[in-house]
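# Sequence and predicted model, in that order:
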Amino acid sequence: MTDRRATGPPGAVPGGTPTPRAGGIWDSALTSEEYAAVKGVGFEPVGQVLGTIVCSVGYEGVGGCPGAWTVVDGKRVPFSRWVPSLSQTARAMQAARRRALSRAVAECGALGGDGIVGVELCANRFAEEFVEYTVRGTAVRARSRIRPHRPFTSHLTGQDFAKLLHSGWVPTGLAFGVALEIRHDDWRTSRRTAWTAETQEVDGYTHLLGHVRRQARGQLTLDAAKHGGDGLVVDDVELTVSESECPAYGYTRDFIAEAVFVGTSIARFGRSERSAGPTPLTIMRLERER
């Protein structure tokens with residue numbers, strides 16, 4: 001995966017840091033209900049933030065099915081011994097999302113925000129080989145004298161963010177889990193997908209989808225641990241399945257499954273024993289200025 005175009009957020013020069021919007025006017029992606037909920041727990045929106053990155057995506061491999069596998073006797077085995085897995089590509093996709101998020105965080109900091117709520121992540125493919133990753137959310141600032149060292153990020157809506165604080169929890173950061181797997185469509189699947197009046201499980205595809213979800217969930221847990229939270233609030237998993245002609249075996253197919261998990265790492269107020277990594281945000285004490 002290669003970064004082909006790196007654009008900063010509005011008000012920024014390429015590779016630079018955005019500047020606060022003039023005139024003191026802020027915008028947001030919050031609904032009226034979300035705005036009221038965020039205000040109710042001591043936060044004010046300071047502006048909508050955006051982070052983007054455009055990359056070219058390619059599968060590592062030297063001929064053959066790039067990382068394809070099949071199922072024999074209920075066990076997952078490589079379809080070809082001389083092709084690598086797609087773990088490197090999956091890590092690159094996760095890194096691209098992380099970079100887009102960091103650009104949104106940079107804009108949040110430039111606006112004087114303490115965190116971003118309602119983070120939305122999108123991946124849009126165009127021109128066949130390019131993917132644009134975007135991160136959008138609303139930067140908020142607490143009515144407090146204490147500022148965090150780095151803005152927090154969360155996919156939670158304004159209402160869910162408020163409920164989290166009321167229940168004694170704080171967000172520590174957005175976490176990603178990305179996995180990519182390819183399975184060669186061999187006779188164990190093709191013969192079961194032929195026309196038949198009988199409903200039956202196609203175990204090859206069951207293994208593919210189950211395995212890619214487990215891989216993404218494992219990566220999500222590892223990423224969440226870096227934020228030092230006590231738990232994880234997970235968003236819905238995004239699962240994409242496509243197919244392509246096998247480059248090594250004519251008239252056969254490879255099925256490609258990509259799973260993306262998004263969640264918010266959370267921590268309790270005033271933990272006596274804290275896990276390794278960043279500590280909870282002291283800003284969440286919401287000390288009001290007099």
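That came through fine. Numbering: from 1, shown residues only.
# Make sure residue 95 is indeed in a strand.
No. Under DSSP: H, G, I helix; E, B strand; the rest coil, residue 95 sits outside any strand and is assigned helix.
# And the pLDDT for it?
Residue 95 carries a pLDDT value of 89.
# what does residue 194 give?
For residue 194, pLDDT reads 53.
# so where's the stretch 101-250 of the chain shaky on pLDDT?
Counting by pLDDT under 70, the stretch 101-250 of the chain shows low-confidence ranges at 186-198, 247-250.
# can you give me the strands in this structure?
Using DSSP state E, the strands of the chain run over 2-5, 43-56, 68-72, 75-78, 115-126, 130-142, 152-153, 169-184, 231-234, 238-245, 253-268.
# Run me through the strand neighbours of the last one, direction for each.
Based on DSSP bridges, the pairing partners of strand 253-268 within the sheet are strand 169-184 (antiparallel), strand 231-234 (antiparallel), strand 238-245 (antiparallel).
# May I have the first one as PDB, with CA atoms only?
Yep, that's strand 169-184 we're talking about. Output of strand 169-184 as PDB, limited to C-alpha atoms (Å, rounded to 0.1, in the frame of the first residue of the first chain):
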ATOM      1  CA  TRP A 169     -16.700   5.600  32.300                       C
ATOM      2  CA  VAL A 170     -14.500   7.800  29.900                       C
ATOM      3  CA  PRO A 171     -13.300   7.100  26.400                       C
ATOM      4  CA  THR A 172      -9.600   6.700  25.900                       C
ATOM      5  CA  GLY A 173      -9.300   6.200  22.200                       C
ATOM      6  CA  LEU A 174     -10.700   4.700  19.000                       C
ATOM      7  CA  ALA A 175      -9.500   1.200  18.100                       C
ATOM      8  CA  PHE A 176      -9.500  -0.700  14.800                       C
ATOM      9  CA  GLY A 177      -9.300  -4.300  13.800                       C
ATOM     10  CA  VAL A 178      -8.700  -5.100  10.100                       C
ATOM     11  CA  ALA A 179      -8.300  -8.600   8.600                       C
ATOM     12  CA  LEU A 180      -8.100  -9.700   5.000                       C
ATOM     13  CA  GLU A 181      -8.200 -13.300   3.800                       C
ATOM     14  CA  ILE A 182      -8.400 -15.000   0.400                       C
ATOM     15  CA  ARG A 183      -9.800 -18.500  -0.200                       C
ATOM     16  CA  HIS A 184      -9.500 -20.500  -3.400                       C
END
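# between that strand and strand 115-126, what angle do the directions make?
Angle of strand 169-184 versus strand 115-126, following axes from the mean of the first three to the mean of the last three CA atoms, to 10 degrees, is 20 degrees.
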